[in-house]
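K.L.:
what follows is a predicted structure for the sequence shown.
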Amino acid sequence: MKRIQVNQAYGPVVEGEALVSEEGFSPRYDLDRWSGLITKPGHRLEGMSIVDKICFFPTAKGGIAAGWAFYDIKWKKIAPKAFVFGVTNPVMVQGAIFAGIPITAGWSPQPRDVVKTGDRVRVDPARKLIEVL
Amino acid sequence: MELTSEERAILAGERGEAQRRALEYQLEVGRFWGAKRFVPVTNVHMMGDIEVMGDGGLAWLKEEADLGARCQVATTTNARCIDFAHCDRLGQDAGEVAKERELIATLRRMDVVTTDTCINYQTVYQPHLGEHVAWGDTGTVIYANSVFGARSNFESGPAALAAALTGRTPEYGFHLDEKRKGTFAVELKARLDDLADWGAVGKLVGESHQDYFAVPVFHGFHRAPHADELKHLGAALASYGSMAMFHFVGVTPEAPATLPAEKMVIGEKEIESVYAGYKLGDGDARLVVFSGPQQSLLEMKKLAELFHGRKVQGSCFVTTNGAVLAQSRDLGYAQALEKAGVSILQGVCFYILQNLSLMRERNRWTNMVSNSAKIVNIIGAHRFNTILRRTADCVEVACSGILK
């Protein structure tokens, strides 16, 4: 089974479909917060939905306002199942924990080597492990 | 995390459910970042308005207030999304305006001081060297860490409010000595006469080093920078680079005696390349904005001088806070701006205005011109083509209707 080890993690075990991005993410700059679609013109995932996905993003973008956004999309039932970041910042972590969405940071190996969009994956924060099922 | 007896009492519910929930949440955030303990904070600045938090956030906030949530330390609010004096003319949604009023009343019930400003560091509270605070937005944090030598991470709305309720925050990131050291050096060889030039520096340095834990060390500048210049520099570094701290040799209190090994140089050519990099789109010159951060009194004075005797052709917006606006009226700056046709918005930031996308469509704006590198960066999600220009050039665009 292919595996990714992560450095930091929060939340319960979740399983779902992977959405793998080569570009960073901000729920304020990139996301339509009513549909869950990535709508920023030119984003590598433009037109794709994050709803119920396990989202892999190399970096976090955006400022403080992102902190409320995860709770907002969870309330609207358009949240992803988990966020898997390469590099993240405090706002993303504060926002995800506030919304109760599992989040991880730091990875080895790079997701692009072992997982692709559409694969089924399991995120196990307690073991700091992501498995491609 | 190591907990004090007081913190254990909070977790046991001895200070009520709101504090217990807040500390439990902070504990999770602290664990994620490997914090060993909490540090007491003296001041909190939080973002909270209906545009950013939505109906879910408002419902949560009301529940907190009902649980008896009350701020334990002085807590102020960041710029918000509704200007109550202008909301009808701006076409802001009446339902959302009503929710914003409810939100403000809820925050006041929790003892939050609703200052509605992103320049608290210029107008409300100036922390001292080594003082731990819990602030957001990003521009306030980078100013606190860099210029005052105070200590804060980027604290999102929920995290800042939790700090307000418990009077503490997890000790990680910029609360720790080892994270505050400079990581690369930037020599400033350009003149940097205008505020927009300082934003351009922030764009050049931030875009090339996008990392929350990167800390640039500026040096070699030909004079002492003033507060509004450092404000635009910090806001742009935070916006383009997600950075929370910089040093400035001879200026900021924690600047190092020796420079880091990695070096970059910014001269006139680099600054000019920033301005040359903006596409003018269809040439639309009908929207000029001075916002992000809100204008200080001295910026208001400068704008009043530049707009004196002129007339805005399209739309021009200035945002500031209530205190600066009141003094600008006393001093006649506000009247000078309004006489020229400038709209002064109070307590808001242009980019988080409720209904901004619809406003853009109704007015058929395509471009937005500003002297703020920060707002030029972040307003893209509303599908504006944005152009950074120097302050006097922005005034010229607004009054001539010609974009160059």
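P.N.:
Ah, there it is. Numbers count the residues shown, from 1 in each chain, chains lettered A, B, ... in the order given.

K.L.:
from now on I want contacts and neighbour counts done on CA atoms only, so please keep to that.
P.N.:
Will do.

K.L.:
next, B:Val217: secondary structure please.
P.N.:
Each residue gets one of three states, and B:Val217 gets strand by DSSP: H, G, I helix; E, B strand; the rest coil.

K.L.:
just checking, it touches B:Thr252?
P.N.:
No - if you go by Cα atoms under 8 Å, B:Val217 and B:Thr252 don't touch, sitting 9.9 Å apart.

K.L.:
neighbour count for those two, which is higher?
P.N.:
Ranked by neighbour count (other Cα atoms under 10 Å in any protein chain shown), B:Val217 and B:Thr252 place B:Val217 first, with 24 against 17.

K.L.:
for that one, which residues are in contact?
P.N.:
Applying Cα atoms under 8 Å, 6 or more residues apart in numbering or on different chains, we find B:Val217 in contact with B:182-186, B:246-249, B:255-256, B:259-260.

K.L.:
which one of those has the most neighbours?
P.N.:
B:Phe246 (29 neighbours).

K.L.:
farthest pair in the contacts of B:Val217?
P.N.:
Largest separation among the contacts of B:Val217 by Cα to Cα: B:Thr183 and B:Val249, giving 13.7 Å.

K.L.:
near chain B, which residues of chain A?
P.N.:
Taking Cα under 8 Å from any Cα of the partner chain, the part of chain A that reaches chain B is made up of A:8-10, A:28-30, A:40, A:61-69, A:71-72, A:75-76, A:89-91, A:93-95, A:97-98.

K.L.:
and residue 31, what does it touch?
P.N.:
No chain in the question, so chain A it is. A:37-40.

K.L.:
look at chain B instead
P.N.:
B:Met1 are the contacts of B:Arg31 under Cα under 8 Å, 6+ apart.

K.L.:
go again with 10 Å.
P.N.:
A:8-10, B:1, B:37, B:170, B:172 (Cα atoms under 10 Å, 6 or more residues apart in numbering or on different chains).

K.L.:
ok, now B:Leu325?
P.N.:
So B:Leu325 contacts B:295-297, B:300, B:319, B:331, B:333-334, B:344-347 (Cα under 10 Å, 6+ apart).

K.L.:
how about the residue nearest to A:Val132 when sequence neighbours are not counted, phi and psi?
P.N.:
Spatially, and ignoring its direct neighbours in sequence, A:Val132 is nearest to A:Val121 (4.5 Å; Cα to Cα, 6 or more residues apart in numbering or on different chains). When quoted as degrees, to the nearest 10, the phi and psi of A:Val121 stand at phi -130, psi 160.

K.L.:
tally of neighbours for A:Val121?
P.N.:
By the criterion of other Cα under 10 Å, A:Val121 has 21 neighbours.

K.L.:
identify the bridge partners of it.
P.N.:
For A:Val121, the beta-bridge partners under DSSP bridges are A:Gly16, A:Val132.

K.L.:
distance of it from chain B?
P.N.:
Going from A:Val121 to chain B by Cα to the nearest Cα, to the nearest Å gives 22 Å.

K.L.:
that residue against A:Val115, yeah?
P.N.:
Yes - between A:Val121 and A:Val115 there is a contact under Cα atoms under 10 Å: 8.4 Å.

K.L.:
which residues are common contacts for these two?
P.N.:
Joint contacts of A:Val121 and A:Val115 (Cα under 10 Å, 6+ apart) are A:2-3, A:18, A:131-133.

K.L.:
let's see if you can find the most crowded of these.
P.N.:
Neighbour-wise, those (other Cα under 10 Å) top out at A:Ala18, 24 neighbours.

K.L.:
neighbours around residue 115, how many?
P.N.:
Reading this off chain A. By the criterion of other Cα under 10 Å, A:Val115 has 21 neighbours.

K.L.:
look at chain B instead
P.N.:
Residue neighbour count, defined by other Cα under 10 Å, stands at 21 for B:Thr115.

K.L.:
quick check: pLDDT value at it.
P.N.:
At B:Thr115, the pLDDT value in this model is 98.

K.L.:
need phi/psi at it.
P.N.:
phi -80, psi -20.

K.L.:
which helix or strand contains the most centrally placed residue in chain A?
P.N.:
Among the residues of chain A, the one closest to the centroid is A:Phe83, at 2.2 Å (Cα atoms, centre = their mean). Here A:Phe83, judged by DSSP states H and E, is contained in strand A:82-85.

K.L.:
and that strand, what does it pack onto?
P.N.:
strand A:2-10, strand A:14-20, strand A:53-57, helix A:90-99, strand A:103-108, strand A:120-124 (3 or more Cα pairs under 10 Å, 6 or more residues apart in numbering or on different chains; DSSP states H and E).
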